[in-house]
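Student: Provided below are the primary sequence and the corresponding predicted coordinates.
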Amino acid sequence: MYRPVFFRLIEKGDEEALEQLLNTRPWIRVYDTIHAQLRELVKTSIPKETLKDNEIEPRIHTHLAGTPIDQYGVWVYYPWNDKLVHLLDEKEFVFMRTNRNKYKITDEEEEILATKRIGVVGLSVGQAVSVTMAMERTFGELRIADFDDLEITNLNRLRSSVYNMGLKKTIQVARDIAEIDPFLKITLFSEGLTTTNMDAFFTEGGKLDLVIDECDGLDMKILLRHKAKALRIPVLMEASDRGTVDVERFDLEPDRAILHGFIDHLDHTKIGSLTNDEKIPYIMPMLGLDTISKRLRASMVEIKQTISTWPQLASAVALGGALCADVCRRIMLNKYSSSGRYFVDIEELIGDKPQKMEGTYEVREMPYPRLTEQQMLQLAGAHAAPSSAISAGDLQQVAQAAIEAPSAANNQPWKLLSKDGALYLFHDKQQSYSWTDPIDFIARISLGAALENIIIKAASLGFEAHYTLFPAGEDQPLVATIAFRPSEAVRPLGAPAMYIGTRCTNRKRGDNAPLPAGIYTDLATACARVADTKLTFLTDPDIINAFADIESAAERVRSLHPQSHHEFFHKELRWNDSGTEKITEGLDIKTLELTVAEEMGMRIGSDPGVIALLNQWRTGKVFEKLIRLSIRSSSAVGLVSVPQYSAAHLVNGGRAVEQVWLEATRHHLSVQPISAPLFLHARAKYAGMDGEDPNMVSEIYELYGKLCTLFPELHDRHGLFLFRLFKAEPPTARSLRKSINELYTIA
């Protein structure tokens, strides 16, 4: 059903067969332009002369040499569409059809190309390549392999008719070529290229001269290259993005590493048994994450979110077909002998001068200088705490406990100074300032947690800590002065100080297991140790799922805001590419507990150009996925709240947060902060959103409104800290801290 039938009427049997065909299928449509073809043949045969109309007919008569015109040439029947076409026979047809190729392709080159066998694997770009080569007539045999049927979603880039849907792509391409040139030899592998038929594809009927790889299967991409390398056959591949063309000349470089050596460090023999996630390390070097277009990068993070698969455009496929056909022809004619990856990026070659992309944002640099030792000494001198009898060694242990406190993105916004036995806790605003926290909302929670660790550790050493908050004013870096007095209180077993060093964030998925009621009582009691704080839990799975939608949407908003995006991806996140780097500030990517595919998504999402496009498209659902799944795996979601918004309440709220976290650690429970709705609302309400996208501002308030329906106390109290509580294996990695020498100064 893809090979035409030839009838040469000068042969008796063919004349009878055609007559029988026409009698049994009278609806066949007949196309007979042989006279016009002969006119063109006569004129083209003598290019030096310009024949007049009255000179052409005698020459046609002479050329026919007595053969009736209806018997001249060949009648070609196309069974799949019941069309019968009268053509010049092969030699004259080829002469006329390739006449306009001269002298881009010479007669001698045409003869060489007619001996070549080309294999095409995958018929998306492969269709464009195949048809283009057929039009130029640059092969003798074309072997095409694809197991797919033509689907409606293919029609955005594959030139075909709607009535071909459901047809094998191989058959559709073979028919297209037969309708252009019925004399070309096409061999079909409609089951696709497999390990079973690979030998036949490469060698049966003569070894291939070149393979064009446009298949989707990663394992087959690798296997066909090993086969081509063993047979010393060159391989071409076009990526349908930025006009990317890979050339691997295994014919000239038999020892050349496949795929330019991009995957040499990986074991390709295991590829067939790998999961999609496990294939990512193979895919990304092949794809070239740093060289693909921003639109493709942005589209990649939307796969399985708002789109189903990789996008491809007809213009890119057509360009890829042209590029591969051109390179293939020149390789076959020994006019090109290099290997490499090349780009024919139309947008770069034909485009306006670089302009600011719509949706991009001028990121602001840190507006605060680093807190100096001199500033700390001046403030400590002006607001001295009573001297204490605590030893220098004990004081250093207390300072170390403060450093172990949690902080947003592990930014460690504190500095500590000891003077005359007292301790001074400072806020180094350069560490904590961000678009999300321009008013120190988040930083003061972290500083409160550090203060609580100071109080707890001092108690474990036999000292009672007495502190004064913001003695120099709330706008000054000095957060608290702490004096220590010996305490007669008995230190109970299992005191919170035991868990300061083991408390950490765990971002693994939980098991959804309900927790005993007594645990919630213990956690609430721990929170109540700090006056005016309150702890509330969501434990119903349906309500937790509703909260997951709120938190995930807030994470998307935070990730898509250009300034917030810049601060997270380029200041807070540490990629740790070696896997062995000791990261003592910011977030080691290993602490995010990402799969390989999720980490790839993060790397793509780190590009500000990608974020600009996602904002233009009003998408970015990928930033919702991870946290939503994590929350839905939790046993509970907790909220710590305070009566009102003030610097002192924020610090004391941070103390309560640390108490709750240490108590959860005592119960061997995992905690992950998930406070984006609170932080964004505080940003909007207390710092203002002038100049921001009104849709984003509206969504922030809308999400907070939904949060208030789940936590009604937010109508009267100020939400401080949200967290998920769950049972899980210990984290793969935990955030490390700077050394005490960097953060603690002895006056």
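Tutor: It's in. These numbers come from a predicted model, not from an experiment.
Student: could you chop the chain up by domain?
Tutor: For the chain, the structural domains run 5-97, 101-349, 373-499+741-746, going by automatic domain parsing.
Student: got those as a markdown table, with distance to P541 columns?
Tutor: Just so you know, the C-beta spots here come from the backbone N, C-alpha and C atoms, and that holds for glycine as well. Output for the domains of the chain, formatted as a markdown table (distance: least, CB to CB, whole Å):
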| stretch | distance to P541 |
| --- | --- |
| domain 5-97 | 57 |
| domain 101-349 | 24 |
| domain 373-499+741-746 | 27 |
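Student: to L614, which of those domains lies closest?
Tutor: domain 101-349 (5.6 Å; CB to CB).
Student: relative to D577, which of the domains of the chain is closest?
Tutor: Nearest to D577 among those is domain 101-349; the distance by CB to CB comes to 12.6 Å.
Student: starting at the chain centroid, how far to the closest one?
Tutor: For domain 101-349, the separation from the chain centroid amounts to 23 Å (computed by CA atoms, centre = their mean, to the nearest Å).
Student: hmm, back to that, of all the domains of the chain, which lies closest to R717?
Tutor: Taking CB to CB, domain 373-499+741-746 is the member of the domains of the chain nearest to R717, at 14.9 Å.
Student: that older thread, how about the domains of the chain in TSV, adding mean pLDDT and distance to Y520?
Tutor: What follows is the domains of the chain, written out as TSV (pLDDT from 0 to 100; distance: least, CB to CB, whole Å):
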stretch	mean pLDDT	distance to Y520
domain 5-97	94	71
domain 101-349	91	35
domain 373-499+741-746	93	18
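Student: tell me which of those sits nearest to Q616.
Tutor: Nearest of these (CB to CB): domain 101-349, 9.0 Å.
Student: quick one: terminal-to-terminal distance for stretch 236-247?
Tutor: With CA to CA, to the nearest Å as the measure, stretch 236-247 spans 5 Å from end to end.
Student: rewinding a little: quick one: closest of the domains of the chain to L626.
Tutor: Proximity to L626 (CB to CB) singles out domain 101-349 among these, at 11.7 Å.
Student: hmm, back to that, need the domains of the chain in a markdown table with distance to Q644 and mean neighbour count, can you?
Tutor: As requested, these are exported to a markdown table (distance: least, CB to CB, whole Å; neighbours: other CB atoms under 10 Å):
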| stretch | distance to Q644 | mean neighbour count |
| --- | --- | --- |
| domain 5-97 | 79 | 14 |
| domain 101-349 | 39 | 18 |
| domain 373-499+741-746 | 13 | 19 |
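Student: relative to V657, which of these is closest?
Tutor: Of all the domains of the chain, domain 373-499+741-746 comes closest under CB to CB, at 5.8 Å.
Student: so how far is that closest one from its chain's centroid?
Tutor: On the basis of CA atoms, centre = their mean, domain 373-499+741-746 sits 42 Å off its chain's mean C-alpha point.
Student: check contacts around the closest residue to D511 other than its chain neighbours.
Tutor: Of all residues not flanking D511 in the chain, K727 sits nearest, at 5.5 Å (CB to CB, 6 or more residues apart in numbering). Applying CB atoms under 8 Å, 6 or more residues apart in numbering to K727 gives the contacts G510, D511, A513, L515, S635, H668, L669, S670.
Student: what's around I740, how many residues?
Tutor: I740 has 14 neighbours, counted by other CB atoms under 10 Å.
Student: for E593, which of the domains of the chain is the nearest?
Tutor: Ranking the domains of the chain by proximity to E593 (CB to CB) places domain 101-349 first, at 13.2 Å.
Student: measure the closest one end to end?
Tutor: One end of domain 101-349 to the other measures 26 Å (CA to CA).
Student: what are the boundaries of the strands in the stretch 301-450 of the chain?
Tutor: Here the stretch 301-450 of the chain has its strands, by DSSP state E, counting those that start in this stretch, at 340-343, 414-419, 422-427.
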